[in-house]
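Trainee: Can you look at this prediction? I've put the sequence above it.
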Amino acid sequence: MAERELKRSERAAIRKLVTELCANYDSQDKICLPLDSPCYMLNKWWTGAYCRYFEKAVLPVDAALESAITGEDTSMRQKICPVCGKAYLPTTSQAYCSDACRIYARRKSERERKRRKRQNQP
């Protein structure tokens, strides 16, 4: 995809992701900790080169922004949690979005299994 100027909404979304989710961003000093300088992503105007940490760890959180910036369809990588209905990016063969949903589904299936077992006993 050819480089283009970022839209105002895309720039605002990038700034929000960096300030809220980036582990390398120090909000008190407003710097990137590994570089010890102002964060490159906060003043980004063009598509193209991105901070590697931002691209791999922070950008996948917002799938719509990721697909708009990279030009790739990221919706195929997302899954819908069968318990809460939230969309998430799975790691390996992850079936649920969180440990809480996994525990809830496991307890529900155990309850149903026990109920069936009790109904079949003489």
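Mentor: Perfect, thanks for sending it.
Trainee: Pass me the low-pLDDT residue ranges in this protein, would you?
Mentor: 1, 73-76 (pLDDT under 70).
Trainee: where's the spatially most central residue of it relative to residue 112, distance?
Mentor: The residue lying closest to the centre of the chain (CA atoms, centre = their mean) is residue 61, at 2.2 Å. Plainly put, residue 61 is 34 Å away from residue 112 if you go by CB to CB, to the nearest Å. (C-beta placed from N, C-alpha, C; glycine too.)
Trainee: Over to residue 121?
Mentor: Noted for residue 121: a distance of 15 Å to residue 112, by CB to CB.
Trainee: okay, those two: which has more neighbours?
Mentor: A side-by-side neighbour count of residue 121 and residue 112, using other CB atoms under 10 Å, places residue 112 first with 10 against 5.
Trainee: Can you pull out the residues in contact with whichever helix or strand that one is part of?
Mentor: Following DSSP states H and E, one finds residue 112 within helix 99-120. Helix 99-120 has contacts (CB atoms under 8 Å, 6 or more residues apart in numbering) with 81, 82, 83, 84, 95, 96.
Trainee: who touches the first one in this structure?
Mentor: With contact taken as CB under 8 Å, 6+ apart, residue 81 is in contact with 87, 88, 96, 97, 98, 101.
Trainee: Apply 7 Å and report the result again.
Mentor: Going by CB atoms under 7 Å, 6 or more residues apart in numbering, residue 81 touches 88, 96, 97, 101.
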